[in-house]
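Undergrad: Can you look at this prediction? I've put the sequence above it.
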Amino acid sequence: MKLPELSLFCGLAFLAGLAPADAAPNDLPALFGTRVAPAARFPAPVATGDFDGDGMPDQAYLVTVKAGSATAKLAPDVTVNDKAFGAEPLGEHAADLALAIVPGSGKGKTLFTDYRGEDSTGFFTSPMWEEAKPPLSLAKRGSKAFAEFKRQKKAIRNDVLVVGTEAGIDMAIYWTGKGYALFEPDEEP
């Protein structure tokens, strides 16, 4: 392909929601499709760790998701996990705030959404998500926080993304070997 044809092809692939193979790690629309953009207050990754255990650093971002349309699509390799924090499928709905995980390989991205229905508020709409620092942190494998999660959930093997809650009981997003899951510890008396 000649350079003008290649530019046209990449531009059309981008508009179609297809991620180019050489997308930069922080080019979220190129990685996730045209529906996804960095959240205005959090343009950089909010956490970096080896969540999937492949030895490469994975990144977690806070993003916004546009409503689906002919020009706003998700990339084909994006998995939408709409059950961890939500109750209904995201479908073509928009999300003011969502969590996106980009693996070090750039392939097989995950989007956590919190859609609960037309007239309902979601997990990411609580006041703690309006703070300057979002309630997300990293528990590296071998750390005290990691050991505490692992003690309660044996399936945890790699770095976890710690998600704070209004109740003060931290949850963990961890890699199951096939995808990401949310671990909600029991409330200790």
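TA: Yep, it's here. Residues are numbered from 1 along each chain as shown.

Undergrad: give me every residue that touches the closest residue to Ala172 other than its chain neighbours.
TA: Nearest non-adjacent residue to Ala172, counting by CB to CB, 6 or more residues apart in numbering: Val160, 4.1 Å away. Any C-beta I mention is one placed from the backbone N, CA and C, and that applies to glycine too. Residues in contact with Val160 (CB atoms under 8 Å, 6 or more residues apart in numbering) are 49, 51, 138-139, 146, 149, 172-174, 183.

Undergrad: Specify which member of those residues is nearest to Glu88.
TA: Nearest to Glu88 among those: Ile173, at 19.7 Å, using CB to CB.

Undergrad: show me what contacts the closest one?
TA: Contacts for Ile173 (CB under 8 Å, 6+ apart) come out as 51, 84, 99, 101, 112, 160-161, 163, 180-183.

Undergrad: Gly122 too?
TA: Gly122 makes contacts with 85-86, 95, 113-116, as judged by CB under 8 Å, 6+ apart.

Undergrad: from those, which ones fall inside strands?
TA: Counted as lying in strands by DSSP state E, out of the contacts of Gly122, are Ala95.

Undergrad: Distance of the spatially most central residue of the chain relative to Ile156?
TA: The geometric centre of the chain, computed from its C-alpha atoms, lies nearest to Ala100 (CA atoms, centre = their mean), at 1.7 Å. Noted for Ala100: a distance of 21 Å to Ile156, by CB to CB, to the nearest Å.

Undergrad: Can you give me the pLDDT of Asp119?
TA: Listed pLDDT for Asp119 reads 83.

Undergrad: Could I get the full set of helices for the protein?
TA: Ranges of helices in the chain, per DSSP state H, are 3-15, 28-32, 144-152.

Undergrad: show me the residues around the residue lying closest to Ser105 once chain neighbours are set aside that make contact.
TA: Excluding the flanking residues, the one nearest Ser105 by CB to CB, 6+ apart is Met56, at 6.4 Å. Each residue near Met56 by CB under 8 Å, 6+ apart is listed here: 50, 103-105.
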